[in-house]
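Trainee: structure for this input, please:
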Amino acid sequence: MEKFTDIQKYFPYDFETWGQGKVIITTRDSNIENNKHVNNTIQIGELSPPQKLDLFSKIMNGGKKDIFSPSQKKAAITFLEKIPSYPLDISITAYYLKSTNISYSQYLDMLVKDNQDISKEQENILKETGDYTKTRYGIITVSLQQLINTHPDFRDLLLFISLLDSQNIPKDLLSYYKSSSIVYKFIYHLKKHSLITSESTLSSSGSVFSIHRSTQEIILNYLFNKLALDKNHQPLFASGRTLENYMSKANDDEDYEKMKLLITHSEKYLTYSDIIPQKIRNIIEGQLGFIYFHLNQDIKAKELLEQSLMNLKKYDDQNHDKIFWTSWVLGDIYKVLSDYQKSKALLESTWNNFKNYYPKNHINIAHICGILGDMYRTTGEYENAIGFFEQSLVLYKKHLSEEHNLMGRLMGFLGNAHVLVGNYKEGKSLIEKSLMIHKKHFPEDHVNVARILKFQGILENKLGNYEKSQSLLERSIHIYQTKYSKENLKAAWVSIPLGNTYINLNKSAEVIPLLEQALKIHRKFLPENQLGVGMTLAVLGDVYRTTADYPKAKQLLEESLKIHRDHYGVSHIETARVLLSLGQVYLQEENLEAAENQFRDAQSIFQKNKHPDIYIVYEVFSDLYNQKSSLAIKNGDVQLSEHFKNQAINDLRQALEIVKTHFSVDSPHRVKIESKLKKLDTEG
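Mentor: Sure thing, here's the model as predicted:
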């Protein structure tokens, strides 16, 4: 049956007239299940591998199924994996092989080369073996012609779905191409011809449907010839623009579920290099690169975007927007992969080119300012970073509302940069605003929220609120590991400040496995001498210092110091922090001269940078002089001991004054230093 109306007047719906008998209707129209006269439907689906082999062997062996030798059976199973799993396909294949006596490999080659010719041969063989002469190719091509005759837009939609992955095609992707009403009718008619194998709903991706891969191949083969796609590229450009727009929206919305789904479709689309024109491929490659970037697949993103940028400049030099976005994402990827020289060169070049191309108040200038700011933040040029972030914020305010998600994102980065230079009050205000905006735009488990939680966790650690810091950083890691995987760089980066927090909470046992995992991840994805390794080694060194494994602590801190000096330079604040840790190891070893040398070097750097964390230097100097005082007592030199004791008290007082200036009245740092001072005064 093709249409129910063809048989409706003969259909036995009146029991009094027709009696209690049953009628079985066979049809390819899966919409029949919605007919009020039909009480039950049975979907004839794909055969299982044993069923395929059973049917195939019976036809090949004249009704007997156990004649195959073990090697023949193995070869048949391998061959049948490449044949659609429907009774029709298995039957046609078996009859064809039996009649022609060709090999499995020859048959598969013929399928690839010309569906139409082999279909005609199969029809002739079926005429000799029975009354049924319809082949899959014949059935589907007739259905395709009927679909195209139903509505001209169906032709474009058929071509589009034949270029995507056959599984989980989003219906709203088709609605980006044609109107929703057309797409609804299209889906209805696909089901009418049983071209859809399944439908489902996938969380944020909405409704999806699947078609069989062999069906998809026949559709593309049929339309390639019918539309002369080797010469007529217009339908391909139209489908390419649709896919690009849909991918771009998913990227802009940072819709990670939709992006994951789009990977398979865009990867499949790009496999048709002999069909899709290069210009379309360039654009889809770029969008796929952005998706890989968002999904933390940086190596894949780098390869695609490098290729896309090269081709865009070669074939599409007027498309400034695409070159702009590709350049900045690629620069960001180089930064993530610790190739800071390439990152800086590309982003600064992009900045110089595009600030001359765009008007000075254009929103893309705001974008590139933010990107440059983040690059400078990563390379440790914090004042430069703040300057670009603030410039970007001013421009965004001219284009966006105060609570736009891009404003929230930028506030987070700017707040973190302020924290890194010691402007804790300003950093706190910006990060809290950023988190508030993010929670309005994204669910609590979104990776954008995870980034702001990381920034907030780092801030709370600096402020001495270690338990709060722990909670924030653990939530951040959990989101990254849930959204990506257990082994991802973003979670590894968060492990570094979390390790610091654990040390401050005296949870040394929890730090080592956490940081060893982070170290493993950094070394897996990035060069050995990159900053993530250096920062992880520094925290690990601190852990071993607290457990009194001084040789191990020194080894790790010295390795870290070399990486910090290579990355930041010898007079950077982050380098000074490693010097402080190394000095504390020497102090605990009672190598007071070496400790003092490290502290002096660190003090010089903190003073040069006017950073409030110099209070830590005065604190450790107080510990040093306190130890010197105890040593002088042991040596019987009371006067020298008193001198060192006074020096220890003076250093603590200097530390306290700095803390009073830069931290809140109830700061844990203030409480700790006041407690130390009270103890020294009491002992004095």
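
Trainee: flag the helix or strand of this structure with the lowest per-element mean pLDDT.
Mentor: helix 115-129 (a mean of 57; mean pLDDT, DSSP states H and E).

Trainee: got the contact list for stretch 644-652?
Mentor: In this structure, residues lying in contact with stretch 644-652 by CB atoms under 8 Å, 6 or more residues apart in numbering are 618-619, 621-626, 628-629, 632, 673, 676-677, 680-681, 683-684. All C-beta spots, glycine's among them, are computed from the backbone N, C-alpha and C.

Trainee: if we use 6 Å, what do you get?
Mentor: Residues lying outside stretch 644-652 but in contact with it, judged by CB atoms under 6 Å, 6 or more residues apart in numbering, are 618, 621-622, 625-626, 628-629, 673, 676-677, 680.

Trainee: what's the answer for stretch 371-380, then?
Mentor: The contact list for stretch 371-380, computed with CB under 6 Å, 6+ apart, reads 328, 335, 340, 343, 347, 351, 384-385, 388-389, 413, 417, 568, 572.

Trainee: count of residues packed around residue 594?
Mentor: The number of residues packed around residue 594, counting by other CB atoms under 10 Å, is 16.

Trainee: right, and it touches residue 586 too?
Mentor: Yes. The pair residue 594 / residue 586 is scored as a contact, 4.1 Å apart, by CB atoms under 6 Å.

Trainee: the biggest helix by length in the chain - what's its average pLDDT?
Mentor: Counting by DSSP state H, the longest helix found in the chain is helix 638-662. With pLDDT averaged residue by residue, helix 638-662 scores 91.

Trainee: and the helix or strand following it, what does it pack onto?
Mentor: Going down the chain from helix 638-662, the next helix or strand is helix 668-683, by DSSP states H and E. Helices and strands touching helix 668-683, by 3 or more CB pairs under 6 Å, 6 or more residues apart in numbering; DSSP states H and E, are helix 638-662.

Trainee: tell me the angle the helix it packs on makes with helix 668-683.
Mentor: 160 degrees (axes from the mean of the first three to the mean of the last three CA atoms, to 10 degrees).

Trainee: before we move on, the earlier item: widest-spaced pair of the contacts of stretch 644-652?
Mentor: Within the contacts of stretch 644-652, two members stand farthest from each other by CB to CB: 628 and 673, at 19.3 Å.

Trainee: between those two, who's got more neighbours?
Mentor: The residue with more neighbours, out of residue 628 and residue 673, is residue 673; 24 against 19, by other CB under 10 Å.

Trainee: doesn't residue 657 make contact with the more buried one?
Mentor: No. Counting by CB under 6 Å, residue 673 stays clear of residue 657, with 9.8 Å between them.

Trainee: OK, contacts around the residue nearest the centre of the chain?
Mentor: Within the chain, one residue has its C-alpha closest to the average C-alpha position: by CA atoms, centre = their mean, that is residue 295, at 0.6 Å. With contacts taken as CB under 6 Å, 6+ apart, residue 295 has the following neighbours: residue 259.

Trainee: give me the pLDDT for it.
Mentor: Per-residue confidence at residue 295 stands at 75 (pLDDT).

Trainee: how about residue 247?
Mentor: pLDDT, residue 247: 88.

Trainee: any idea which helix or strand carries the closest residue to it other than its chain neighbours?
Mentor: Distances taken as CB to CB, 6 or more residues apart in numbering put residue 287 closest to residue 247, at 3.9 Å, once the chain neighbours are dropped. Under DSSP H and E, the secondary-structure element containing residue 287 is helix 278-294.

Trainee: how about that helix: buried residues?
Mentor: Neighbour-count burial for helix 278-294 flags 279-294 (criterion: 16 or more other CB atoms under 10 Å).

Trainee: one more: stretch 453-467?
Mentor: Of the residues in stretch 453-467, those scored as buried under the neighbour-count criterion (16+ other CB under 10 Å) are 453-466.

Trainee: sitting in helices, which of those do you find?
Mentor: With helices defined by DSSP H, the entries of the buried residues of stretch 453-467 inside them are 453-463, 466.

Trainee: of all those, which two lie farthest apart?
Mentor: Comparing all pairs in these by CB to CB, the longest separation belongs to 455 and 466, at 16.3 Å.

Trainee: next secondary structure after the helix or strand hosting residue 369?
Mentor: Using DSSP H and E, residue 369 sits within helix 363-378. Towards the C-terminus, the helix or strand next in line after helix 363-378, according to DSSP H and E, is helix 382-399.

Trainee: list the contacts of the helix or strand following that following helix.
Mentor: Where DSSP H and E defines the elements, the next helix or strand beyond helix 382-399 is helix 405-421. Where contact means CB under 6 Å, 6+ apart, the residues beyond helix 405-421 that reach it are 370, 374, 377, 382, 385-386, 389, 392-393, 396, 400, 426-427, 430-431, 433-434, 437-438, 441, 452, 455, 459.

Trainee: wait, a strand at residue 208?
Mentor: Yes. Under the criterion used here (DSSP: H, G, I helix; E, B strand; the rest coil), residue 208 sits inside a strand.

Trainee: I figured it was touching residue 202, is that so?
Mentor: Yes. Between residue 208 and residue 202 a contact is recorded at 5.5 Å, counting by CB under 6 Å.

Trainee: more neighbours, the two?
Mentor: Relative neighbour count places residue 208 above the other of residue 208 and residue 202, with 18 against 14, counting by other CB under 10 Å.

Trainee: and that one, what's its pLDDT?
Mentor: We have a pLDDT of 91 for residue 208.

Trainee: now it: closest residue in space that isn't a chain neighbour?
Mentor: Nearest non-adjacent residue to residue 208, counting by CB to CB, 6+ apart: residue 168, 4.3 Å away.

Trainee: look up phi and psi at the one you found.
Mentor: Torsion angles at residue 168 (phi, psi; degrees, to the nearest 10) stand at phi 50, psi 60.

Trainee: and it, what's its pLDDT?
Mentor: In the prediction, the pLDDT value recorded for residue 168 is 91.

Trainee: try residue 412
Mentor: What the model reports for residue 412 is a pLDDT of 95.

Trainee: got a list of what the residue nearest to it when sequence neighbours are not counted touches?
Mentor: Residue nearest to residue 412 in three dimensions, not counting chain neighbours: residue 434, with 3.7 Å by CB to CB, 6+ apart. By CB under 6 Å, 6+ apart, the contact list for residue 434 reads 408, 411-412, 452.

Trainee: let me see the backbone angles for residue 434.
Mentor: The phi and psi values for residue 434, taken as degrees, to the nearest 10, are phi -60, psi -50.

Trainee: check residue 13 too.
Mentor: Recorded main-chain torsions at residue 13 are phi -100, psi -10, according to degrees, to the nearest 10.
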